[in-house]
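Visitor: My questions are about this predicted structure, shown below with the sequence.
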Amino acid sequence: MIERQAVNRTSLAMLVVLAGVAGCDDRGAPTEPPPPPPAAARVISCQADVRAGTFDCTTPTPPSGRLSADLVLGGQGTYVALRSSNVSYTSGTATFQADVTVENLTVLPLGTADGGTVTGVKVFFSSGPTVTSGTGTVTVANPDGTGTFTGTSQPYFLYNQILATAQVSAPRTWKWTVPTTVNRFAFQVLVNAASPQPHTVLRWLYDPLVDGTDLSAVWSASAGDVFAVGLGGKILHYNGTSWTAQPSPTTADLAGVWGSSGTDVFAVGTGVILHYDGTSWTVFSYVTLFQSPLSLIGVWGSSGSDVFIVGDVGVILHYDGVTLAQQASPTVNLLAGVWGSSGSDVLAVGEGGTILHYNGTRWSAQPSGTTNFLAGVGGRTGSDVHAVGDGGTILHYNGTSWSVQSSGTASALYNVWSAAASDVFAVGEGGAVLHYNGTSWTAQPTPTANTLIGVWGSAGSDVFAVGEVGTILHDNGAGWSQQASGTANSLYGVWLRSASDLFAVGDGGTVLHFNGTSWTVQPSGTASLLNGVWGSSGSDVFAVGNGGTIQHYNGSGWSAQASGTTVDLAGIWGTSGSDVFAVGTGTILHYNGTSWATHATVTRGGTPVAVYGVWGSSGSDVFVVGDFGLIAHYDGITWTVQTSGTQSALFAVWGSSGGDVFAVGDIGLIAHYDGTSWTMQASGTANALWGVWGPSVSDVFAIGDSGSVLHYDGTSWIAQTSPTLGTLFGASGSSGTQALVVGDFGTVLRGSR
């Protein structure tokens, strides 16, 4: 991406100089999840300790391990989580107070019935406050109102905003009148909030075939029921024919997945445990250590009511179908993998060659004979288990002791899965897959060099391996084939001609193409960073990038075109193959179907100004935007600077017509042009916005930093649920139900209703 220049707030004239050329002529869906359950369906119990100055709305189960004082399990269940800070008590005014936030744990927005209109989230007191230690009466001192929810005259606090999935609200200060004779009090609250029907909201999900977000683990209930999880809360499902992304209630990195059936699946990650009931994923529990999310890495169970979870600092958690509790662990080393033959024969492996065994009563350490990091463990019986790790380490357990097996590689191995004693698979660095036939390990050829992190199967002839940049491999017994793979390169531009013809470009000259069925990497002919892409047809596509790079696709291959400049080019748009504009640092170029030439220069006080975006309704109605709030318009003859109302950088421009144009930029800026003048619109975010696109005047999307996706309904901008926290750079689409967004590290999101 072009490095944006620092903004000089001093007012200087902007000069756009036409380069002596005549003006151009005017030429002219995944399965929907169910809505979340009623918001008042889950009671949240809270306790306040006046003397200690604490206010807690979690429901930790008393753990039994050495970290019991600081490990917190819970998060009030499925739908929302409350967090408190700045807790204090002032005896002189008898006021106890805390700043409280609400986090949305559902897969749809809360606080709106239609996805755009704010109705807010009300947290109301269903019972209490009740004094649990001391004497006196506690009352809510500053409610936003009282209402009838589950009873009459119930006080509530209003969070007057829309909460996207995993979004945390702005804090509200809750106050209680608490006599000095009260030590502790408790109460229960419920949440009342509207949520839109799924079909009214454009849902953004990872494209499972090309998104470059790493996958960490895979598990299958059967050949047609496979789950894969990864970074940023990524969850994919395979139905035996195709992979689809599933709505995830978290953006935390996920490291492990396991289930007792396809309707009882657990996924674990950074500070979170998720559960899938066959319909939707929900937050099962949060796990924090010293008030920070604890990294959970491995999960396995003998049944849905006998589940083991392992992670950082030797933490071992157990779920018995009712309670999630910590178990005493004999190590503080990170534990990366867990597997067992039964609930009373479980093994966990990890850092420093650590191997632990659980006999149904307690965990104890076993000698491994290595200090190498052990990343995965798996087997078929308690006397036939393999563990794998750094340096190509493979250990075998015969039920009594561990012994070293020769792997034939020095590369790190990350996981192992066993179909039978003579049919075992291990995966690792560089796309490595090793197979054990009961006697020796041999390398199997794979179609990828990407590191593989997870492996699982329903049988020896139905094995999946997943890993870096969204790689998914499948072995049907005849060899490994690639089902999905993305790129680790960031993607900056996307152009969608139709649902079966789209291009994305990015770092290192990356060009990806989708034909409606599969994605392919196309040789672009350049290693330069590509910032933008646009085409007049599927066989007439242009990509622009750094160093004056312009590449052209003729339907068969990409070739370089002479741009006549070495400045970085950031954007491209046209009306036809013979009327194309490209913009960059201090320059606007034009292509007439034969050659590129400078159309105008853009300076400020004699210094070239970076121009980032270009769009038009016709060849005689073209807008460009850039640094220092630059907006310039071309009427087919002359470029003129328009008053934008800002000195901050504008990065992208798009419109539904010449009288309905949007420009987006730094610190959440959105400017709108009505055909006469530009006015600023409230975006509700301070994140930089890098792209804008829409299918109509009342259906516009802006994207940017921290995974921001904003939607404009013709009246106001509202944040939408995004599955990523990475920066999103480019947006395009062909209709209100065919939209694509690209961004950091190969992120590709699809939007559908």
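Guide: Ah, there it is.
Visitor: okay, and the helix or strand of this protein with the least pLDDT?
Guide: strand 71-74 (a mean of 44; mean pLDDT, DSSP states H and E).
Visitor: just checking, next helix/strand downstream of it?
Guide: Tracing the chain past strand 71-74, the next element assigned as helix or strand by DSSP states H and E is strand 80-90.
Visitor: and the helix or strand just after that following strand with strand 80-90, angle?
Guide: Counting by DSSP H and E, the element after strand 80-90 in chain order, helix or strand, is strand 95-104. Put simply, strand 95-104 runs at 160 degrees to strand 80-90, going by axes from the mean of the first three to the mean of the last three CA atoms, to 10 degrees.
Visitor: Other residues contacting strand 95-104?
Guide: Strand 95-104 is contacted by residues 48, 50, 55, 57, 80-89, 110, 121, 123, 138, 141, 157, 159, 163-178, 191 when judged by CB atoms under 8 Å, 6 or more residues apart in numbering. Yep, even glycine has a C-beta here, placed from its N, CA and C like the rest.
Visitor: List buried members of those by neighbour count.
Guide: Among the contacts of strand 95-104, those classed as buried by 16 or more other CB atoms under 10 Å are 48, 50, 55, 57, 80-84, 87, 89, 110, 121, 123, 138, 141, 157, 159, 163-167, 169, 171-172, 174-178, 191.
Visitor: did I read that right, Phe745 in a helix?
Guide: Yes - applying DSSP: H, G, I helix; E, B strand; the rest coil, one finds Phe745 inside a helix.
Visitor: Tell me how far it lies from Val210.
Guide: Distance of Phe745 to Val210, computed by CB to CB, to the nearest Å: 12 Å.
Visitor: More neighbours: which of these two?
Guide: Shown here are Phe745 and Val210; by other CB atoms under 10 Å, Val210 has more neighbours (26 against 22).
Visitor: Give me the distance between the more buried one and Gly545.
Guide: In terms of CB to CB, Val210 sits 20 Å off from Gly545.
Visitor: same check, this time on Phe581
Guide: 15 Å.
Visitor: Name the nearest residue to Gln440, ignoring sequence neighbours.
Guide: To be clear, residue 440 is Ser; Gln isn't right here. Leaving aside its chain neighbours, Ser440 sits nearest to Ser406 (7.3 Å; criterion: CB to CB, 6 or more residues apart in numbering).
Visitor: care to break this structure down by domain?
Guide: 39-199, 211-484, 488-752 (automatic domain parsing).
Visitor: So what pairs up with the closest residue to Val505 other than its chain neighbours in the strands?
Guide: Closest residue to Val505 apart from its sequence neighbours, by CB to CB, 6+ apart: Leu530 at 3.8 Å. Counting by DSSP bridges, Leu530 is bridged to Gly545.
Visitor: Quick check: Leu530 touching Phe503?
Guide: No - contact criterion CB atoms under 8 Å: Leu530 and Phe503 do not qualify, at 10.0 Å.
Visitor: So if I had to pick from these two, which one is more boxed in?
Guide: Leu530 (30 against 24).
Visitor: wait, what's in contact with that one?
Guide: Each residue near Leu530 by CB under 8 Å, 6+ apart is listed here: 492-493, 505-507, 509-511, 524, 543-545, 549, 551.
Visitor: Can you check the pLDDT for it?
Guide: The score at Leu530 is 98. That number is its pLDDT.
Visitor: can you check Leu12 too?
Guide: pLDDT, read off for Leu12, is 30.
Visitor: Next: Arg66.
Guide: 33.
Visitor: for Cys24, same thing?
Guide: 33.
Visitor: before we move on, what about Ser485?
Guide: So Ser485 comes in at 79 (pLDDT).
Visitor: And for Glu32?
Guide: Predicted confidence (pLDDT) for Glu32: 32.
Visitor: how close does the residue nearest to Ser440 get to Ile394?
Guide: Where Ile394 is concerned, Ser406 sits at a distance of 8 Å (CB to CB).
Visitor: any weak-confidence spans in the stretch 51-200 of the chain?
Guide: Judged against pLDDT under 70, the low-scoring parts of the stretch 51-200 of the chain cover residues 58-79, 106-108, 114-116, 196-200.
Visitor: follow-up on the earlier one: Leu205 is nearest to which of the domains of the chain?
Guide: Closest of these to Leu205 is domain 211-484, at 3.8 Å (criterion: CB to CB).
Visitor: Just send the domains of the chain back as TSV, with distance to Leu205 too.
Guide: Output for the domains of the chain, formatted as TSV (distance: least, CB to CB, whole Å):
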stretch	distance to Leu205
domain 39-199	10
domain 211-484	4
domain 488-752	6
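Visitor: what's near enough to touch the spatially closest residue to Ser261 that is not a sequence neighbour?
Guide: In space, Ser261 comes closest to Ala221 once its chain neighbours are excluded; the distance is 5.6 Å by CB to CB, 6+ apart. By CB under 8 Å, 6+ apart, the contact set of Ala221 is 227, 259, 261-262, 265, 458.
Visitor: Kindly report the same for Trp717.
Guide: Counted by CB under 8 Å, 6+ apart, Trp717 has contacts 670, 681-684, 702, 710-711.
Visitor: Just the residues you listed: which are in helices?
Guide: Secondary structure defined by DSSP state H assigns none of these to helices.
Visitor: Would you mind listing which of these are buried?
Guide: Judged by 16+ other CB under 10 Å, buried ones among the contacts of Trp717: 670, 683-684, 702, 710-711.
Visitor: Out of those residues, list just those in strands.
Guide: 670, 702, 710-711 (DSSP state E).
Visitor: Could you give the number of residues near Ser716?
Guide: Neighbours of Ser716 (other CB under 10 Å): 15.
Visitor: For stretch 534-541, buried residues please.
Guide: 534-536, 538, 540-541.
Visitor: nearest to Gly278, of these?
Guide: Distances from Gly278 to the buried residues of stretch 534-541, taken by CB to CB, are shortest for Gly538, at 40.0 Å.
Visitor: got any ranges where the stretch 501-650 of the chain has weak pLDDT?
Guide: Ranges of the stretch 501-650 of the chain meeting pLDDT under 70: none found.
Visitor: Same list, the buried ones among the contacts of Trp717, but as JSON lines with pLDDT and distance to Arg750 please.
Guide: Formatted as JSON lines, the buried ones among the contacts of Trp717 follow (pLDDT from 0 to 100; distance: CB to CB, whole Å):
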{"residue": "Ile670", "pLDDT": "98", "distance to Arg750": "23"}
{"residue": "Ser683", "pLDDT": "92", "distance to Arg750": "23"}
{"residue": "Gly684", "pLDDT": "88", "distance to Arg750": "24"}
{"residue": "Ala702", "pLDDT": "96", "distance to Arg750": "17"}
{"residue": "Leu710", "pLDDT": "92", "distance to Arg750": "17"}
{"residue": "His711", "pLDDT": "90", "distance to Arg750": "15"}
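Visitor: Listing partners with orientation, what would you give for the top strand by length along the chain?
Guide: Ranked by residue count, the top strand of the chain under DSSP E comes out as strand 121-134. Taking DSSP bridges as the criterion, strand 121-134 forms sheet pairs with strand 154-159 (antiparallel), strand 182-193 (antiparallel).
Visitor: between these, which gets nearest to Gly343?
Guide: Once the strands paired with strand 121-134 are compared by CB to CB, strand 182-193 is nearest, at 34.4 Å.
Visitor: Tell me the first helix or strand C-terminal of that closest one.
Guide: Past strand 182-193, the next helix or strand by DSSP H and E is strand 203-206.
Visitor: what lines up beside that following strand in the sheet?
Guide: strand 748-752 (antiparallel).
Visitor: Check the model's average confidence along the partner strand for me.
Guide: 85.
Visitor: Name the nearest residue to Thr207, sequence neighbours excluded.
Guide: Not quite, residue 207 is Asp, not Thr. Val748 (4.2 Å).
Visitor: swap that for Ser648, sorry
Guide: Asp666 (4.4 Å).
Visitor: ditto for Ser595
Guide: Ala562 (7.2 Å).
Visitor: Gly593 too?
Guide: Closest to Gly593 by CB to CB, 6+ apart is Ser578, at 2.9 Å.
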